[in-house]
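Peer 1: Please find the sequence and the predicted model below.
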Amino acid sequence: MKHSAQGAAGTGAGAGAHAGAGRVRTAGPVRIPVQPGAADRARDRAPGGGEPDGAARGEHTHGEPPVPRPRTLVRRSSVRGQILDALRSALASGELRPGGVYSAPVLGERFGVSATPVREAMQQLALEGAVEVVPNRGFRVVERGDRELAELAEVRALIEAPVWIRLSRTVPAERWAELRPLAEATVRAASSGCPATYAEADRAFHRAVLALAGNEQLVRIAGDVHRRAQWPPAGSPSVRGRADLVADAHEHTALLDALIAGDADAVRTLIDDHFTAGH
């Protein structure tokens, strides 16, 4: 479907770029980690502590602007996962800018945690191809061009479109009707104008459709490609606007209407248009 952005369960991932990038904000109320205890902070500062200092980790923290601490700090449970969600949201919204360099210690200050869970989340993003390690500085958001986005859209079409067509012939109307709340949720998310919020709703809808095939590997792989397709390209002044998001969301409801009605021709046309346009 049209690439949009995921709303993380956490607050905006405030990010301080090494070069002095501004704060990163994500949609929705903050739900991420608790402030570390004194022992954690002491460990981070101590030369002989459980974790090497910033210089030893290849990160210079001096010269970076102070980052305000969020009002609500992250809960200790699943800290890394919540930060990962927030960073993914910031990537999808373009607040972590393509080409920007961000350090784990400064991001950690923003979230009220040590650099460790931020670094772990960034390393996961590096595995996903979203960022790359910059020695002695931190992590750079990968710059992607139109060609890469077109390739991702093609891969999504090859993976998803045939499955949708097959499911349209085998899934009964009542099962499609059960997905109506998810489709309507994408419309509400699009109406908010927040790309990160829409991205999450968009992926949730697609995930639910593909889950009907009963293939967990399909859901996982398609979800990974979908997420990567939602990151804005390099040089993009902003992500897609509200009108584009709303149009994309209404394609979900149109598809459901055709699937529930059993209109095979309409279903095929809508699916072809949806994926061919790289939605």
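Peer 2: Good, I have the coordinates. Numbering: from 1, shown residues only.
Peer 1: how about low-confidence regions in the stretch 101-250 of the chain?
Peer 2: Scanning the stretch 101-250 of the chain for pLDDT under 70 picks out 233-240.
Peer 1: switch the cut-off to 90
Peer 2: 106, 108-113, 128-129, 136, 143-150, 192-197, 227-245, 248 (pLDDT under 90).
Peer 1: how about the helices in it?
Peer 2: Secondary structure of the stretch 101-250 of the chain (DSSP state H, counting those that start in this stretch): helices at 104-111, 115-127, 146-170, 173-177, 180-191, 195-211, 216-229, 242-261.
Peer 1: so which of the ones you listed gets nearest F139?
Peer 2: Closest approach to F139 among the helices of the stretch 101-250 of the chain is made by helix 115-127 (4.7 Å; C-beta to C-beta). No exception for glycine: its C-beta is placed from N, CA and C like everyone else's.
Peer 1: For that closest one, which helices and strands make contact with it?
Peer 2: helix 79-93, helix 104-111, strand 131-134, strand 138-141 (3 or more C-beta pairs under 8 Å, 6 or more residues apart in numbering; DSSP states H and E).
Peer 1: Next, the angle from it to helix 104-111.
Peer 2: 110 degrees (axes from the mean of the first three to the mean of the last three C-alpha atoms, to 10 degrees).
Peer 1: Quick one, which of the helices of the stretch 101-250 of the chain gets closest to I271.
Peer 2: Nearest of the helices of the stretch 101-250 of the chain (C-beta to C-beta): helix 146-170, 5.0 Å.
Peer 1: Packing partners of that closest one?
Peer 2: helix 195-211, helix 216-229, helix 264-276.
Peer 1: Need the CA coordinates for the last one. PDB is fine.
Peer 2: Think helix 264-276. Taking Å, rounded to 0.1, in the frame of the first residue of the first chain, the C-alpha atoms of helix 264-276 are listed here in PDB:
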ATOM      1  CA  ALA A 264     -13.500 -10.600  -8.300                       C
ATOM      2  CA  ASP A 265     -12.900  -8.100 -11.200                       C
ATOM      3  CA  ALA A 266     -13.000  -5.200  -8.800                       C
ATOM      4  CA  VAL A 267     -10.700  -6.900  -6.300                       C
ATOM      5  CA  ARG A 268      -8.100  -7.600  -9.000                       C
ATOM      6  CA  THR A 269      -8.200  -4.100 -10.300                       C
ATOM      7  CA  LEU A 270      -8.000  -2.500  -6.900                       C
ATOM      8  CA  ILE A 271      -5.100  -4.800  -5.800                       C
ATOM      9  CA  ASP A 272      -3.200  -4.200  -9.100                       C
ATOM     10  CA  ASP A 273      -3.600  -0.400  -8.700                       C
ATOM     11  CA  HIS A 274      -2.700  -0.500  -5.000                       C
ATOM     12  CA  PHE A 275       0.600  -2.400  -5.400                       C
ATOM     13  CA  THR A 276       1.600  -1.100  -8.800                       C
END
